[in-house]
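# Below are the sequence and a predicted model for it; my questions follow.
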Amino acid sequence: MEITPDPDPVIRPAINKSLSDTAGSCSATFIRNSKGQYILQQSQKFENSLLASVGLLELANAGDFAANVWNEIPVPKFAVALMAIGATAALLMTYVAVWDARLSWRNIRLLRKERQYLLAIRTQPEKNFQLVDALLEVNRWELGTEIIDRLMMDALMGFGCVLLSTGTFMAMGGRNRAVFHASNLLSGYIGNSPAALGGVVIAVWCCYVGMRAYHHGSTQADIISKPLLRQRMYLVQLQSFISGTTGIVAGLASMLTSTRWYGYVILIPCICSFVVCNYVWRNRIAYSRKSINEFGLIDESSLLEELEFISRLRLLVRGQTPGRQLIPEGQSAVILLEIIAKSRLIEALCSRLLRKADIAAVLTGANGARNAVTIELSHLIVLATQGLSTAIREVAQECIIEDGPSQWQDRERHLVEVLGSYMSCYYDKEGIECK
């Protein structure tokens, strides 16, 4: 669709190109709940769901501090109080490990379905395999991260917390010799062995992730998004190096705490490092995205175009104030709807529109009688050219300014990962495309 006149040179490339979204990403389905409200029908989504509290699992692993430092009979009263606090904290952190493991399992199931979908496409002779191979490589990294870096670590650290908590509680009744020896085992080498094993596993995985990021960022191909690619890959390498090193040191320190009090001193910077790595991963590296099965595949030519489109939109919205219009007052709201669709913000827009009584009445029918309603982009475009143009324009602009940045950030991170995989697979070190 041609939009005239040109609204802003910053978004001209986005307006002049046809929408690459599939029909599924240009519509949103809402269902009516028991309260008569329309809520978005949840679609399959790969979530950036790592819990911030997971970074404190190593701290919970140090809950046996009092049991190991004051390993004597009779147990001092203040040590008993510290044991109770440490054991309870370690036991409570097992809930965090289980909760995070459940969230990770949701992602794993989705990624396995995506892998089957991509492998099925790979068998079709008429398809171009290059982007499919890149998506499969990204899927392998995402799946490995969920299985090794989350599910396995949650299982090891959670199990270790249970052992340490049990041993620490038993240490409170250390007058019984059998209980005393069992406590020493559980709060000693046996209880700390899962954390040590986890440190080795995470170090090996981080080594793979770091080497992968190095190969992705070392391509010499002349592309517009090369600085963005290298910036992300350097960050991934740094995070992997710190996380892997910390895992090894923390594993050794946890075994040392079984017999030496200064092992806990070594654990202090490791705990801080895990918290920082957790924060960097959640806020600078990881992303959420819709399932590939739902929105389909993009082709090679649109990969760089979409990254450029995102950078232009960020430039447009940067420093935006509530009073300033994204497009001139006389321009059609259809321009904003096209940006919404290409940014994959259609669901966020429709959710906002349904909160406006006058617009919701048009979208859901008379008295909102339907139990389910699917809102199409084409329908919104028709309404935007009629009496609801001003209302839709205001809501669309609000949606772009408030919901857009986080959506663009996630989309950009995913596309850069795909780009890195594509470049490393099909370009040699001199930047020449492999045929």
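On my side now, so go ahead. Numbers count the residues shown, from 1 in each chain.

# Secondary structure class of the residue most central in space within the chain, three-state.
Nearest to the mean C-alpha position of the chain, by CA atoms, centre = their mean, lies Asn48 at 2.1 Å. Classification of Asn48 by DSSP: H, G, I helix; E, B strand; the rest coil places it in coil.

# Show the backbone phi and psi for it.
Main-chain dihedrals, Asn48, degrees, to the nearest 10: phi -80, psi 80.

# Same check on the one 5 residues further on?
Dihedral angles phi and psi of Ser53 (degrees, to the nearest 10) take the values phi -70, psi -10.

# Could you check how far it is from Arg413?
23 Å (CB to CB, to the nearest Å). (C-beta placed from N, C-alpha, C; glycine too.)

# Then Asn48?
From Asn48 to Arg413 the distance is 9 Å (CB to CB).

# Return every residue with contacts to both of these two.
Ala286, Tyr287 (CB atoms under 8 Å, 6 or more residues apart in numbering).

# Do a quick rundown of the strands in the stretch 301-435 of the chain.
372-376 (DSSP state E, counting those that start in this stretch).

# Any regions of it where pLDDT drops low?
Scanning the stretch 301-435 of the chain for pLDDT under 70 picks out 319-325, 327-331, 366-370, 426-435.

# show me where it has helices.
Assigned by DSSP state H, counting those that start in this stretch, the stretch 301-435 of the chain shows helices spanning 334-342, 346-353, 357-364, 377-384, 389-426.

# before we move on, what about the stretch 51-200 of the chain?
57-60, 65-69, 77-122, 129-144, 153-171, 177-186, 189-217.

# Could I get those helices in CSV, plus columns for distance to Leu337, mean neighbour count and mean pLDDT?
Shown next, in CSV, are the helices of the stretch 51-200 of the chain (distance: least, CB to CB, whole Å; neighbours: other CB atoms under 10 Å; pLDDT from 0 to 100):
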stretch, distance to Leu337, mean neighbour count, mean pLDDT
helix 57-60, 45, 25, 87
helix 65-69, 59, 23, 80
helix 77-122, 29, 17, 91
helix 129-144, 28, 18, 90
helix 153-171, 42, 24, 89
helix 177-186, 62, 16, 76
helix 189-217, 35, 20, 91
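
# which one of those lies closest to Val362?
helix 77-122 (34.5 Å; CB to CB).

# which other helices and strands contact the closest one?
Applying 3 or more CB pairs under 8 Å, 6 or more residues apart in numbering; DSSP states H and E, one finds that helix 77-122 makes contact with strand 45-46, helix 57-60, helix 65-69, helix 129-144, helix 153-171, helix 292-295.

# export the third one as CSV, just CAs?
When you say that, I think you mean helix 65-69. Output of helix 65-69 as CSV, limited to C-alpha atoms (Å, rounded to 0.1, in the frame of the first residue of the first chain):
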residue,chain,number,x,y,z
PHE,A,65,28.2,-22.1,57.0
ALA,A,66,27.4,-22.5,60.7
ALA,A,67,27.3,-26.3,60.5
ASN,A,68,30.8,-26.5,59.0
VAL,A,69,32.5,-23.7,60.9
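
# tell me the contacts of Ser288?
Lys45, Phe46, Glu47, Asn48, Ser49, Asp410.

# Kindly recompute the last result at 7 Å.
Lys45, Phe46, Glu47, Asn48, Asp410 (CB atoms under 7 Å, 6 or more residues apart in numbering).

# Most neighbours of all the residues you listed, which one?
Phe46 (22 neighbours; other CB atoms under 10 Å).

# was I right about that one contacting Asn107?
Yes. With contacts counted by CB atoms under 7 Å, Phe46 reaches Asn107, the gap being 5.7 Å.

# if we can go back for a sec, give the contact list for the residue nearest to the centre of the chain.
Contacts of Asn48 (CB under 7 Å, 6+ apart): Arg282, Ala286, Tyr287, Ser288.

# Ramachandran coordinates for the third one?
Note on Tyr287: backbone dihedrals following degrees, to the nearest 10 are phi -150, psi 160.

# what do you get for the first one?
Main-chain dihedrals, Arg282, degrees, to the nearest 10: phi -70, psi -40.

# and what of the last one?
Comment: the main-chain dihedrals of Ser288 come out as phi -110, psi 150, following degrees, to the nearest 10.

# Give me the spatial nearest neighbour of it, chain neighbours excluded.
The shortest distance from Ser288 to any non-neighbouring residue, by CB to CB, 6 or more residues apart in numbering, is to Asn48 (4.5 Å).

# Same question for the first one.
With CB to CB, 6+ apart as the measure, Leu50 is the residue that lies nearest to Arg282, at 5.4 Å, once sequence neighbours are left out.

# repeat for Ala155
Nearest to Ala155 is Ala101, by CB to CB, 6+ apart, at 6.6 Å.

# Give me the distance from stretch 385-405 to the chain's centre.
27 Å (CA atoms, centre = their mean, to the nearest Å).

# do the same with stretch 39-48
Worked out by CA atoms, centre = their mean, stretch 39-48 lies 13 Å from the chain centre.

# How about stretch 64-72?
On CA atoms, centre = their mean, the centre of stretch 64-72 falls 39 Å from the chain's centre.

# Between the contacts of Ser288, which sits nearest Phe159?
Closest to Phe159, out of all of the contacts of Ser288 and judged by CB to CB, is Glu47, at 24.5 Å.

# State the phi and psi torsions of the closest one.
Dihedral angles (degrees, to the nearest 10) for Glu47: phi -100, psi 140.

# rewinding a little: for the residue nearest to Ala155, give its distance to Ser254.
Noted for Ala101: a distance of 20 Å to Ser254, by CB to CB.

# Also Arg312?
49 Å.

# Of those two, which one has the most company?
Counted by other CB under 10 Å, Arg312 and Ser254 do not tie: Ser254 has more neighbours, with 30 against 17.

# Which residues are in contact with that one?
Ser254 touches Asn61, Asn192, Ala195, Ala196, Leu267, counting by CB under 7 Å, 6+ apart.

# Tell me, how many residues neighbour the residue nearest to the fourth one when sequence neighbours are not counted?
For Ala196, ignoring the flanking residues on the chain, the nearest one in space by CB to CB, 6+ apart is Gly251 at 3.9 Å. As a burial measure, Gly251 scores 24 neighbours (other CB under 10 Å).
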